[in-house]
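# Got a predicted structure plus its sequence, pasted below:
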Amino acid sequence: MGSIRNIAIIAHVDHGKTTLVDKMLLAGNLFRENQQTGELMLDNNELERERGITILSKNVSITYKDTKINIIDTPGHSDFGGEVERVLNMADGCLLLVDAFEGPMPQTRFVLQKALEIGLKPVVVINKVDKPNCRPEEVYEMVFDLMCDLDATEEQLDFPVIYGSAKNGWMSEDWNRPTDNITYLLDCILKYIPEPEILEGTPQMLITSLDYSKYTGRIAVGRVHRGTLREGMNITVSHRDGLLEKTKIKELHIFTGMGRQKTDAVSSGDICAIVGVENFEIGDTICDFENPEPLPPISIDEPTMSMLFTINDSPFFGKEGKFCTSRHIGDRLEKELERNLALRVESVEGCTDRWIVSGRGVLHLSVLIETMRREGYELQVGQPQVIYKEIDGVKCEPVEEMTINVPEEFSSKMIDMVTRRRGEMTSMESQGGRVNIEFLIPSRGIIGLRTNMLTASQGEAIIAHRFKEYQPFKGEINRRTNGSLIALEGGNAYAYAIDHLQDRGKFFIEPQDQVYAGQVIGEHVHDIDLVINVCKAKQLTNVRASGTDEKARIIPATIFSLEEALEYIKEDEYVEVTPKSMRMRKVILDHLERKRANK
């Protein structure tokens with residue numbers, strides 16, 4: 001085998017990372033001439049395909065001009081920042097993808113900062129130059145300014161720039177001269193990305209990622225830092241807390257194409273997977289049996305948001321799900337901890353069926369809930385809460401940088417909405433009819449803001465945010481001003497009843513839906529909760545008079561996505577999640593008991 005290149009592909013969400021990897025895989029001739037490849041081949045789980053986002057980072061490799069190129073595809077959302085931080089340790093250089101119209105966004109800044117800190121050599125790819133209103137030269141200047149802001153070294157600032165369109169499958173040094181392939185990009189990778197240093201000596205490998213197989217259990221993935229690892233070799237696993245454990249490598253795999261291939265030995269600089277090591281966590285080091293020398297462990301940002309998970313105890317319990325008991329849910333959360341680095345799970349004292357689950361943001365936690373739902377679990381989740389810290393005796397809360405891009409006519413509305421939630425505007429610049437506004441806003445203020453912003457801007461707003469730091473508590477924030485419409489009794493909802501109640505607010509249910517007492521079935525027009533009976537049918541009498549039988553005209557129900565529902569509920573409400581449906585409900589279902597509790 002010739003030389004090796006290890007590259008990570010980093011970018012803001014939706015700037016075209018996974019599409020570019022597709023084209024690189026095609027260029028590496030991994031497929032037969034007649035093989036159907038499809039699109040976004042690396043987004044291989046259902047959720048990633050549906051949402052069009054990357055959630056888990058993945059490793060693939062191609063061979064080009066006798067050089068093996070290991071490609072690491074990373075997620076673009078800051079909620080999955082834990083994924084990006086750890087996989088950058090495996091790379092020697094990075095491809096920074098930037099949209100030719102949007103330019104660098106907050107997440108671009110975050111991933112680039114991490115890459116520059118580690119000392120990776122960047123190659124900038126300005127993607128989507130086939131868009132009608134793109135501005136590649138300006139974007140190039142913006143990337144350069146961003147690198148200067150992030151204290152890049154002279155060597156890092158001397159980065160090559162490639163223009164192209166991953167979707168159309170071409171890359172070139174001049175965006176006005178399209179080519180018909182991406183070989184220019186691959187040549188640049190070979191030319192500018194350094195080869196990994198070959199370090200001789202006792203073996204060392206930092207575990208940066210893990211895989212799981214039903215047959216062999218947990219698989220450690222990482223890059224061999226020094227020396228050579230061999231199949232059947234005795235090794236020491238050095239844990240984060242300094243504990244040393246002697247064990248043995250059963251099998252070694254290297255990444256080839258989209259899969260893995262068994263091998264006898266892996267030398268310094270290549271990325272490999274180790275089977276047979278049982279007790280390890282991400283950040284542990286695999287080192288020599290005789291003289292263990294651990295590498296410094298990976299530091300991962302702390303979680304900033306938590307949610308209460310509990311068993312489903314609604315009247316519709318167990319009708320749709322396969323796994324409903326606390327044992328099932330507890331085991332599933334424990335299993336998730338094995339591969340989800342930025343997640344924390346704590347049991348609530350005195351309860352066996354409640355857990356506080358903490359993560360990097362609403363999206364991070366909602367992806368976990370959605371995955372569990374699809375696997376057949378039934379559960380309930382409470383309102384997302386931010387995690388406070390006490391720093392020097394002062395109560396502090398997480399603050400995020402937020403960028404909003406909207407047409408000019410909506411900018412004042414956006415500023416008003418953010419400042420009401422204790423946000424501070426830091427900069428504002430207009431570009432051709434649209435405005436880029438940057439804010440610092442508490443994480444609490446972002447919960448539930450996206451939906452309102454999209455409504456206020458007629459769906460035009462592009463919103464991105466990422467965690468910045470902890471700052472002193474900013475004061476109270478009003479999240480939702482309207483009260484809820486709550487079902488008084490269980491049964492079938494009738495169009496007749498809904499029709500007469502429509503002036504009370506907007507509904508989340510359709511006629512003929514099954515409801516239960518205490519379910520949140522709509523939003524009240526006023527700021528108090530209202531208990532209503534939607535199960536009332538029309539009284540049938542013999543009297544016929546003109547005008548009594550007017551037709552029910554019902555406004556279609558508002559349907560929430562999981563994130564919207566989580567952001568919408570109040571403190572005294574849960575979201576009930578089952579494999580087939582999602583409902584909102586009050587924690588105390590009975591109307592009279594709720595009244596007593598609120599006194």
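Happy to help now that I have it. Numbering: from 1, shown residues only.
# any idea of the mean pLDDT for stretch 329-340?
Stretch 329-340 carries an average pLDDT of 84.
# what's the answer for stretch 229-241, then?
According to the model, stretch 229-241 has a mean pLDDT of 86.
# Tell me, domain by domain, which residues of this protein belong where.
Structural domains annotated on the chain: 4-192, 204-288, 389-472, 484-598, as defined by automatic domain parsing.
# which one of those domains lies closest to Ile311?
Ile311 lies closest to domain 484-598 among these, at 10.5 Å (C-beta to C-beta). C-beta: built from backbone N, CA, C; applies to glycine.
# Tell me the helices and strands packed up against the helix or strand hosting Ile189.
Using DSSP states H and E, Ile189 falls within helix 183-192. Packed against helix 183-192 by the contact rule (3 or more C-beta pairs under 8 Å, 6 or more residues apart in numbering; DSSP states H and E) you find strand 4-11, helix 17-27, strand 67-73, strand 93-99, strand 121-127, strand 161-165, strand 170-172.
# which one of those lies closest to Tyr494?
Proximity to Tyr494 (C-beta to C-beta) singles out helix 17-27 among the helices and strands packed on helix 183-192, at 47.1 Å.
# Strands of the stretch 351-500 of the chain, start to end?
354-359, 379-381, 385-386, 389-391, 394-407, 424-431, 434-442, 462-472, 484-487, 491-492 (DSSP state E, counting those that start in this stretch).
# Dump those strands to a markdown table, plus distance to Pro104.
Output for the strands of the stretch 351-500 of the chain, formatted as a markdown table (distance: least, C-beta to C-beta, whole Å):
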| stretch | distance to Pro104 |
| --- | --- |
| strand 354-359 | 26 |
| strand 379-381 | 34 |
| strand 385-386 | 27 |
| strand 389-391 | 30 |
| strand 394-407 | 10 |
| strand 424-431 | 13 |
| strand 434-442 | 11 |
| strand 462-472 | 11 |
| strand 484-487 | 41 |
| strand 491-492 | 53 |
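# So for Asn533, which of those strands sits nearest?
Taking the strands of the stretch 351-500 of the chain one by one with C-beta to C-beta, strand 484-487 is closest: 7.5 Å.
# Kindly state which of the helices and strands packed on helix 183-192 is positioned closest to Leu146.
If we rank these by C-beta to C-beta, the stretch that ends up nearest is strand 93-99, at 9.2 Å.
# could you point out which element follows that closest one?
Note on strand 93-99: by DSSP H and E, the next helix or strand toward the C-terminus is helix 106-118.
# if we can go back for a sec, rank the helices and strands packed on helix 183-192 by pLDDT, which is bottom?
helix 17-27 (a mean of 77).
# Between helix 183-192 and that one, find me the angle.
On the basis of axes from the mean of the first three to the mean of the last three C-alpha atoms, to 10 degrees, helix 17-27 is oriented at 90 degrees to helix 183-192.
# buried stuff in helix 17-27?
Within helix 17-27, the residues that count as buried by 16 or more other C-beta atoms under 10 Å are Lys17, Thr18, Thr19, Leu20, Val21, Asp22, Lys23, Met24, Leu25, Leu26, Ala27.
# Closest one of the residues you listed to Ala537?
Nearest to Ala537 among the buried residues of helix 17-27, with distances taken as C-beta to C-beta, is Thr18, at 52.0 Å.
# For the chain, name the helix or strand with the lowest mean pLDDT.
Of all helical and strand segments in the chain, the minimum by mean pLDDT, DSSP states H and E falls on helix 46-51, at a mean of 65.
# coming back round to it: between the helices and strands packed on helix 183-192, which gets nearest to Pro303?
That would be strand 4-11 among those, by C-beta to C-beta, at 21.7 Å.
# From Cys287, how far off is the closest residue to Ser238 other than its chain neighbours?
Excluding its sequence neighbours, the residue lying closest to Ser238 (C-beta to C-beta, 6 or more residues apart in numbering) is Pro294, at 3.7 Å. Separation of Pro294 from Cys287 (C-beta to C-beta, to the nearest Å) stands at 6 Å.
# Likewise for Ile69?
Per C-beta to C-beta, Ile69 is found 27 Å from Cys287.
# go on, Leu449?
Taken as C-beta to C-beta, the span from Leu449 to Cys287 is 47 Å.
# before we move on, what about Gly330?
According to C-beta to C-beta, Gly330 stands 34 Å off from Cys287.
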